[in-house]
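Colleague: Coordinates only, no sequence provided:
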């Protein structure tokens, strides 16, 4: 309970200019203005301090395209927005559209007047919300502000700015918000830090008498604020007399329904729903006060909003992230200049992928079902085969168990009905923490059938990464088994919990389990028996799933797929590998494993620990093949190593079973032709494939083992020093039908419905080239297909960047990989864009040099990285030897010389390490960025730490 | 062009005088000893001659010259601070004054990257302004002050360029190569730390051609400072091994932790100051820092502005060094 709150008495004081010398604050921005208070008799006026770059724009002789009206929260002041004032002015000076930025100090705050209203009222908030909204309107009237106006608010300033926005529709052109809230649902508790500050006997001392509240807020920055910036924030609040407004603001938080500001807050919160102007929500998730649930609420009220969550940033987003650049980018999109990318702000789902015109070739088997336009819903075969007693899937754990289409179809319907019964609705997010199994398959298809959005993040992210991912994906429900649920409970993941197993009551309570899967089935059975229908099927444009990237390049990103796009993934698998009705599929690779039922194929997950694919044995693969009479086998590269290593244990019967396999795929990360060949030798009748793709586009190109060998033969000329790896700004034409000298891994041609283009690198290593199919040009690989992702989840900036340069109206994805196309249309991957080395002589991509180093005797694996500033980087090789070195060292002279000869371009240093750092999920992608940091330390004379 | 080269009896000075002469310039040299460069006119004298005598030989030396390349300096790891000041700062002031009096049009001041070096690693940085307050050691401090003096004298009719070759080496070098080889031969050459610090050096012919290029470009690039290197940084242990290999002596096999070396260097330096004698201390703090932290530079501006690229690669330099050390057939 919150008791009566008494605030220290404050005294009136006029508005003043800030002291000079505050870090980042241009004194020329500051101005004071007297504003008459509306609605009061007797002409009360208050002095305001505000920042305004208008005079600077006048001096530049540019006409503003509009005004950004910035409102700070508590306990900050207009200083919060200094970065935007600087950036907007700089942009205007460089010829970009000019935005006037006005950042106010709210009354009783910053350097605006200290009104005497606190003294007059004593025990209540002096300027309740409604008053503050009027105050801001009074100010814009006095400023004679004309449209268009974009409001920008942070913290409680967000509410005030929205209040102004809904009251000034004639001027309003857009809304930007940073970590704020407009609604506190009566059932939810307010954030703990505020509860504490509002406590009896706490409010006054915490907010006014001492600078504790201010200090706490300033401590929320990531990384911590510099002393000068802290000094800037503290400047207007040096004495308790000047801090009255801080306490008044906190006291105005409508904690109880009866609170005097409740009505105004509710008015604004409802009116916001009617706002149709472009909206941008920028969010720092590490905020103990305005957590993601307030973001959810805002998105629910303004579903058209663009959202970007800056992973790692917190409450003081203006200090933690480059919000100003994001804001100006967005403003550029909503007010398009003549030459701007008109597509950039098109609704995310409305952009179509490019469908190639070329014919799909002759089809057979399920051709009718997968016509040219032919995707069908993920549950299509569950309906079509609902009366079939044929096998749909086999569970190998704990003992082989066969599930017929009839049973699977019934289970899915029962679970779907059960989920509906407990309140899972279309559009709700369901996080699946279930290992691959019949249970997972049934739950997954039940969710998609009712339009719930499945969230799939795997243990490969590590616990911290998984926690970030699940929190960011904000599931409404979590379905899982003990280890997953334990983590969910311990780490405070959101969502109501459903367990796939039944636990004793105390354990269930401990895990926070509300329902079990068995219960859902029972409930659903009853609903269906009573004649209830399942809810309507979701449309192809509805969101179906959020899949998480591996996080090997920064925090894991949520990738959103619609139903139509997931159906297209199934179709691509059918077109590429002929997986369809009647195919037996061993699914040792998670994303594809789940699509068996969508393809009408019978599938089996081999007996393995999915969190440790390295544990899969050859015997387990053979057993899975036998169990389902499989003709197609999907494995992950990490699993492949162990399968080959354990091949000695295979019996004659196992070999016979494996000889029946017709196709074999290693998906997820590139592997050597040698390893693929060794695995293929176990399945002598099978064609071995490796697809190229990523979470954002699962099947973009494909190559067979023969194709890999042919590609290798086509480049099997010994490297010479003068071909090197340097890529000139413009590639000279080459007479032979060979390739770009940069080398790389050949991943084959585009799959049937995919188009691949290259965006050439400039000499600084930036992928700025127009999308092109020109061969032998190194650049970023850009793809389009019906099964490319819809968008990134709440990562507007990332999404925008991933579409940069796309053909308007088409859905393209920048992969972040670099490579080139050859004359035969094959794609060669040369590495990751952030790993490109930019020397004074040009750009060097890492994979080619690595491959050349790996041809040296005694070298197992190599990583090729840059050290030093981009543009003048030095090239460094880091090597894993056979046998592995016991400790790291500089390569002996002979090896260093051999590496330099093999690479053919200047190599500053060569190191040997016991093991190269790789990603968790695939155990094969080398973390070159980490190695670059490590080598930088060693080569600068630093300590020899482990890479 | 008629060019005066000061300090032409030194290792780099001799190479510069020879290069300019071979390039068709009329070269005069000025130093206390004969330069030994064929085809040039030697004028003997000292740049520290008291100013009340009218420059002694210097006035004659600069007369009629179009350009001056000023290399004369006191270069050593330790010594009397006053001597560094007198030769490097006072001497530069004297040569600048004499050059201006003689209406010389171009002035190339040969400096050192250590003028902007604060003891930490340099990885791919371009030339920073000379800073006597940050430079380490009496030599670097005096060179920094002298470079600032020279650049301050830059004027429309007097184009001044500062070039800073980093660790110049080659056959016949007594400053760096002979010291390394002598110490390695007597087993007194340790490796500091792990020997991984990435260091760029300058083969002597490249330094000379860069100075020539700066002289040619002086009208365009006056007022600027340029670091000159081979642009091929290597771990310091590889460089030492290359030099020792060329001289056919064993490369350093023992190791001193870098912080220990820095501490010992400071101590030894202090002791040497109180010890009369002409020999050099085995280690100084400056040298310890030079050999245990990275020193390599962004050469893009240098190469573009001076329209110059090094002609002799590191490996070719080692081969020439080996030829120098191998007994005559």
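Modeller: That came through fine. If you're wondering where the values come from, they're calculated on a predicted model, not measured in any experiment. Numbers count the residues shown, from 1 in each chain, chains lettered A, B, ... in the order given.

Colleague: ok, so what distance separates residue B:95 from residue B:166?
Modeller: 23 Å (CB to CB, to the nearest Å). Using the backbone N, CA and C atoms, a C-beta is placed for each residue, glycine as well.

Colleague: higher neighbour count, those two?
Modeller: The neighbour count for residue B:95 versus residue B:166, taken as other CB atoms under 10 Å in any protein chain shown, is higher for residue B:95 (27 against 21).

Colleague: my guess is that one contacts residue B:57, does it?
Modeller: No - with contact defined as CB atoms under 8 Å, residue B:95 does not count as touching residue B:57 (11.9 Å).

Colleague: Could you pull up the contacting residues of residue A:576?
Modeller: A:691, A:699, A:702, A:751, A:752 (CB atoms under 8 Å, 6 or more residues apart in numbering or on different chains).

Colleague: again, only this time at 7 Å
Modeller: Contacts for residue A:576 (CB atoms under 7 Å, 6 or more residues apart in numbering or on different chains) come out as A:699, A:702, A:751, A:752.

Colleague: near chain A, which residues of the stretch 151-300 of chain B show up?
Modeller: B:193-198, B:232-235, B:237, B:241, B:258, B:292-294, B:296, B:298-300 (CB under 7 Å from any CB of the partner chain).

Colleague: Which strand or helix spans residue A:472?
Modeller: If you go by DSSP states H and E, residue A:472 is part of helix A:462-473.

Colleague: how about low-confidence regions in the stretch 601-750 of chain A?
Modeller: Applying pLDDT under 70 to the stretch 601-750 of chain A flags the ranges A:610-612, A:716-741.

Colleague: how does it look with 80?
Modeller: Along the stretch 601-750 of chain A, the parts satisfying pLDDT under 80 run over A:608-614, A:638, A:667-672, A:714-742.

Colleague: before we move on, back to that, what is the helix holding residue A:472 packed up against?
Modeller: strand A:429-433, strand A:558-562 (3 or more CB pairs under 7 Å, 6 or more residues apart in numbering or on different chains; DSSP states H and E).

Colleague: Wait, a helix at residue B:178?
Modeller: Yes - the assignment for residue B:178 is a helix, going by DSSP: H, G, I helix; E, B strand; the rest coil.

Colleague: where exactly do the helices run in chain B?
Modeller: For chain B, applying DSSP state H gives helices covering B:11-22, B:57-62, B:81-84, B:91-101, B:137-152, B:177-185, B:204-221, B:236-246, B:258-273, B:285-292, B:300-306, B:314-325.

Colleague: which stretch among those helices comes nearest residue A:835?
Modeller: Closest approach to residue A:835 among the helices of chain B (CB to CB): helix B:300-306, 21.7 Å.

Colleague: can you list contacts of the closest one?
Modeller: Contacts with helix B:300-306, where a contact means CB under 7 Å, 6+ apart, come from A:840, A:871-872, B:126, B:210, B:213-214, B:217, B:221, B:224, B:226-228, B:309.

Colleague: Out of those, who's the most crowded?
Modeller: Counting by other CB under 10 Å, top hit in those: residue B:228 with 31 neighbours.

Colleague: Would you mind giving the contacts of residue A:576 as JSON lines with neighbour count added?
Modeller: Formatted as JSON lines, the contacts of residue A:576 follow (neighbours: other CB atoms under 10 Å in any protein chain shown):
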{"residue": "A:699", "neighbour count": "27"}
{"residue": "A:702", "neighbour count": "23"}
{"residue": "A:751", "neighbour count": "25"}
{"residue": "A:752", "neighbour count": "18"}
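
Colleague: Show me which of those residues is closest to residue A:742.
Modeller: Set against residue A:742, the nearest of the contacts of residue A:576 by CB to CB is residue A:702 (21.9 Å).

Colleague: Quick check on the residues of the stretch 151-300 of chain B next to chain A: which are buried?
Modeller: Burial of these was assessed by neighbour count (16 or more other CB atoms under 10 Å in any protein chain shown); the buried members are B:193-198, B:232-235, B:237, B:241, B:258, B:292-294, B:296, B:298-299.

Colleague: Keep only those of these that are in strands.
Modeller: B:198, B:234, B:235, B:296 (DSSP state E).

Colleague: Out of the residues you listed, the closest to chain A would be?
Modeller: residue B:198 (4.1 Å; CB to the nearest CB).

Colleague: Quick one: residues contacting the closest one.
Modeller: A:874, A:908, A:909, A:939, B:233, B:234, B:235, B:294, B:296.

Colleague: picking up where we left off before, Throw the helices of chain B into CSV and include mean pLDDT and distance to residue A:140, thanks.
Modeller: Formatted as CSV, the helices of chain B follow (pLDDT from 0 to 100; distance: least, CB to CB, whole Å):
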stretch, mean pLDDT, distance to residue A:140
helix B:11-22, 94, 70
helix B:57-62, 88, 72
helix B:81-84, 86, 67
helix B:91-101, 92, 64
helix B:137-152, 92, 54
helix B:177-185, 81, 74
helix B:204-221, 95, 55
helix B:236-246, 88, 65
helix B:258-273, 60, 62
helix B:285-292, 70, 60
helix B:300-306, 96, 50
helix B:314-325, 93, 68
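
Colleague: Ok, which of the ones you listed comes nearest residue A:153?
Modeller: For residue A:153, the closest of those is helix B:300-306, at 45.3 Å, according to CB to CB.

Colleague: end-to-end on stretch A:689-705?
Modeller: Its first and final residues considered, stretch A:689-705 spans 6 Å by CA to CA, to the nearest Å.

Colleague: which residues touch that stretch?
Modeller: By CB under 7 Å, 6+ apart, stretch A:689-705 touches A:547, A:549, A:559, A:569, A:572-573, A:576, A:591, A:663, A:665-667, A:670-671, A:673, A:676-677, A:680, A:687-688, A:746-751, A:754, A:756, A:783, A:785, A:787-789, A:813, A:815, A:827.

Colleague: Okay, the residue most central in space within chain A and chain B: tell me how far apart.
Modeller: By CA atoms, centre = their mean, chain A has its centre lying nearest to residue A:557, at 2.4 Å. According to CB to the nearest CB, to the nearest Å, residue A:557 and chain B sit 31 Å apart.

Colleague: do the same with residue A:752
Modeller: To chain B, residue A:752 is 46 Å away according to CB to the nearest CB.

Colleague: Count the neighbours of the residue nearest to residue A:856 when sequence neighbours are not counted for me.
Modeller: Take residue A:856 and drop its neighbours on the chain: the residue closest to it by CB to CB, 6 or more residues apart in numbering or on different chains is residue A:898, 5.4 Å away. As a burial measure, residue A:898 scores 18 neighbours (other CB under 10 Å).
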